[in-house]
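>>> sharing a sequence plus its predicted fold:
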Amino acid sequence: METPNTKLAQKSRDGLKERPCDNNKLLQKPQTKENTKPVGIKLHTQQRAVNRAIFNYTVATKLYLMEQQKKQVDRIHKMIEEEEVRMLRKEMIPRAQLMPLFDRPFFPQRSRRPLTVPREPCFHSTSGKETSCFSSSCYGLYDFQHNEAH
């Protein structure tokens with residue numbers, strides 16, 4: 001019986017005999033590879049820079065338009081306000097007060113209305129919780145027609 005190592009050795013000898021060109025390849029130097037040219041790498045930074053520039057431009061134009069609109073609204077409000085002032089000045093013609101008549105001086109007249117007769121308030125209470133007044137004299141305090149009749 002042959003051992004597995006001897007079988008491998010015998011196969012390898014047979015393989016060398018069958019391939020004589022393999023020896024030549026082993027002895028020759030490997031061919032040098034051609035110089036490779038670097039491939040142009042396309043980074044996204046340029047594309048992002050363009051997109052950012054477009055975005056910045058749109059934001060700037062939007063802010064500019066908002067500012068112009070605000071200025072226009074302010075101008076319109078100012079014009080309206082000025083027009084209102086003009087109209088008020090036109091309507092409000094200054095008029096001088098009449099001169100008092102010195103030949104007939106003003107003498108205040110005494111009022112013909114009767115004087116108010118003061119009455120004392122009524123604080124009668126029927127129970128501890130009630131604070132309203134039930135007597136007829138208290139009702140007379142708030143009855144204005146009753147005062148005029150006296």
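Done, it's in. Numbering: from 1, shown residues only.

>>> what does the pLDDT read for residue 138?
Looking at residue 138, its pLDDT reads 50.

>>> also residue 52?
97.

>>> in the chain, which spans are helices?
Secondary structure of the chain, counting by DSSP state H: helices at 4-18, 20-27, 44-91, 136-142, 144-149.

>>> quick check: pLDDT value at residue 7.
The score at residue 7 is 58. That number is its pLDDT.

>>> check residue 58 too.
Looking at residue 58, its pLDDT stands at 98.

>>> what's the spacing between it and residue 52?
Noted for residue 58: a distance of 11 Å to residue 52, by CB to CB, to the nearest Å. (Each C-beta comes from the backbone N, C-alpha and C, glycine too.)

>>> again with residue 60
Taking CB to CB as the measure, residue 60 falls 12 Å from residue 52.

>>> how about residue 89?
Using CB to CB, residue 89 is found at 55 Å from residue 52.

>>> what's the answer for residue 121, then?
To residue 52, residue 121 is 84 Å away according to CB to CB.

>>> more neighbours, those two?
In this view residue 121 and residue 52 are compared by other CB atoms under 10 Å, and residue 52 has more residues nearby, 10 against 7.

>>> wait, what's in contact with that one?
Applying CB atoms under 8 Å, 6 or more residues apart in numbering to residue 52 gives no contacts.
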